[in-house]
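Trainee: Sequence and computational prediction follow.
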Amino acid sequence: MSVVDNIANIIPVRYTDKRINELIRSQGSDRIDLPQHFNQNEEFFLRLPEEIEVPHIPIHHDISKVKPETAYLSAIRSVVENLIPLIPGFFSETTYFFDPGEVLRPCFFQIFKINNITFLYLGRLDLSFRTHDSELLDRGNNDVTPRYRSRNLYLDCDLIPLDQVLQEEKRITGFALKQIVSQTWIGETGRGYFVQGIWIDHELTKFFSKLFIPEKQSLYPYYPFTCKYRSVCHSLLETGPQGRRQGVPRLRRALDFLEPEMDSIQQQLKREPFNAEAGVFTALKKRVSPRWNQVWQGIRFNRYLNDQDMKEFVLETESAPLSG
């Protein structure tokens, strides 16, 4: 998740790179459909047609330093340049920015507006080395990450409602988030060194998503509507511009439905984990428009074991996904 100023509720945009944005603008408009997967930890990834090499990436030790080193930018430029021919839709129409708090998750954004509400599309690559599906080429150290090869590309594609796009002299400097969730921390468990916080983010995600999915249909491990940034966000399966444009009105309808009910939803989930048979959920489920049944029609995930005998899921659709 992007570094957010917890007081101002802002995702800051402090630095972008002209060369990366030129690479994005110079790409073609071809659409390439790739297999869409989740691993057993519910992480979304694309199976690339060929392996890509992720170089050593310098570790940005001082997160207060908003401009990355030249060596870091060179590594990210190389990754973007190699990925553009493989996943052009992910980059299409976006602008890059640097998040000093998460150097292995470069950010790409686009702004949408519908009925006077602004939405942020935030796409993130996850360039972390994963031992189970990557080939180590050269070890990392305290200053650089490992160099590796992989066909699996992990990423997040989220639509996020905004209160405002912040600008200075026509330059975007950040995004003020529309936060309709008051608090997701509800307490602690354990004693001494084993104290852990109790959060209801995932319970809210299950509530939001299952509310708009037909009762007899399962989309696991995909949750279309998630609790992130203390808001209701829309996680996209289709990573290109068409998927974003289709997703914006869906998120708007979900947000309009959920916002007036957030107090009662939160109070229930603070008392007990999500339960599809509980009062608040069942009452709201009866009010959901049948129109939502068409959105997820024909979508299912097939379970399989990968080469390491670990459980994964692949998306299969009978028609174009998420067209409603």
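Mentor: Cool, got the structure.

Trainee: For the closest residue to residue 59 other than its chain neighbours, grab the count of nearby residues.
Mentor: Ranked by Cβ to Cβ, 6 or more residues apart in numbering and with sequence neighbours excluded, the top spatial neighbour of residue 59 is residue 143, at 5.9 Å. Quick note: C-beta positions are derived from backbone N, CA and C, even for glycine. Counted with other Cβ atoms under 10 Å, residues neighbouring residue 143 total 10.

Trainee: same deal with the one 4 residues further on?
Mentor: For residue 147, the neighbour count with other Cβ under 10 Å is 17.

Trainee: Residue 115 versus the residue lying closest to it once chain neighbours are set aside, what's the distance?
Mentor: Nearest non-adjacent residue to residue 147, counting by Cβ to Cβ, 6+ apart: residue 138, 4.2 Å away. For residue 138, the distance to residue 115 (Cβ to Cβ, to the nearest Å) stands at 51 Å.

Trainee: Between those two, tell me which one has more neighbours.
Mentor: Higher neighbour count among residue 138 and residue 115: residue 138, with 10 against 7, using other Cβ under 10 Å.

Trainee: Look up phi and psi at that one.
Mentor: The phi/psi pair for residue 138 (degrees, to the nearest 10) reads phi -160, psi 130.

Trainee: Against residue 252, how distant is it?
Mentor: Distance from residue 138 to residue 252, by Cβ to Cβ: 47 Å.

Trainee: What of residue 146?
Mentor: 41 Å.

Trainee: before we move on, back to that, and the pLDDT for the residue nearest to residue 59?
Mentor: pLDDT, residue 143: 90.

Trainee: change the start of the numbering to 39 and stick with it
Mentor: With the count now opening at 39, the last piece we talked about shows up as residue 181.

Trainee: Might one say that it is in contact with residue 95?
Mentor: No: using Cβ atoms under 8 Å, residue 181 is not in contact with residue 95, being 10.1 Å away.

Trainee: now for the lengthiest strand in the chain, which elements pack on it?
Mentor: In the chain, with assignment by DSSP state E, the single longest strand is strand 185-206. On a contact count with 3 or more Cβ pairs under 8 Å, 6 or more residues apart in numbering; DSSP states H and E, strand 185-206 meets strand 82-92, strand 155-164, strand 173-176, strand 209-215, strand 263-266, strand 269-273, helix 279-296.

Trainee: Could you export those as JSON lines, including mean pLDDT and distance to residue 148?
Mentor: What follows is the helices and strands packed on strand 185-206, written out as JSON lines (pLDDT from 0 to 100; distance: least, Cβ to Cβ, whole Å):
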{"stretch": "strand 82-92", "mean pLDDT": "95", "distance to residue 148": "18"}
{"stretch": "strand 155-164", "mean pLDDT": "97", "distance to residue 148": "4"}
{"stretch": "strand 173-176", "mean pLDDT": "96", "distance to residue 148": "33"}
{"stretch": "strand 209-215", "mean pLDDT": "95", "distance to residue 148": "11"}
{"stretch": "strand 263-266", "mean pLDDT": "95", "distance to residue 148": "17"}
{"stretch": "strand 269-273", "mean pLDDT": "96", "distance to residue 148": "13"}
{"stretch": "helix 279-296", "mean pLDDT": "96", "distance to residue 148": "6"}
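
Trainee: now these in JSON lines, with distance to residue 306?
Mentor: Formatted as JSON lines, the helices and strands packed on strand 185-206 follow (distance: least, Cβ to Cβ, whole Å):
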{"stretch": "strand 82-92", "distance to residue 306": "28"}
{"stretch": "strand 155-164", "distance to residue 306": "27"}
{"stretch": "strand 173-176", "distance to residue 306": "46"}
{"stretch": "strand 209-215", "distance to residue 306": "24"}
{"stretch": "strand 263-266", "distance to residue 306": "14"}
{"stretch": "strand 269-273", "distance to residue 306": "16"}
{"stretch": "helix 279-296", "distance to residue 306": "13"}
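
Trainee: Neighbouring strands - and their directions - for the longest strand of the chain?
Mentor: Applying DSSP bridges, strand 185-206 is found paired with strand 82-92 (antiparallel), strand 155-164 (antiparallel), strand 173-176 (antiparallel), strand 209-215 (antiparallel), strand 269-273 (antiparallel).

Trainee: what's the most buried one of the ones you listed?
Mentor: strand 269-273 (a mean of 23; mean count of other Cβ atoms under 10 Å).
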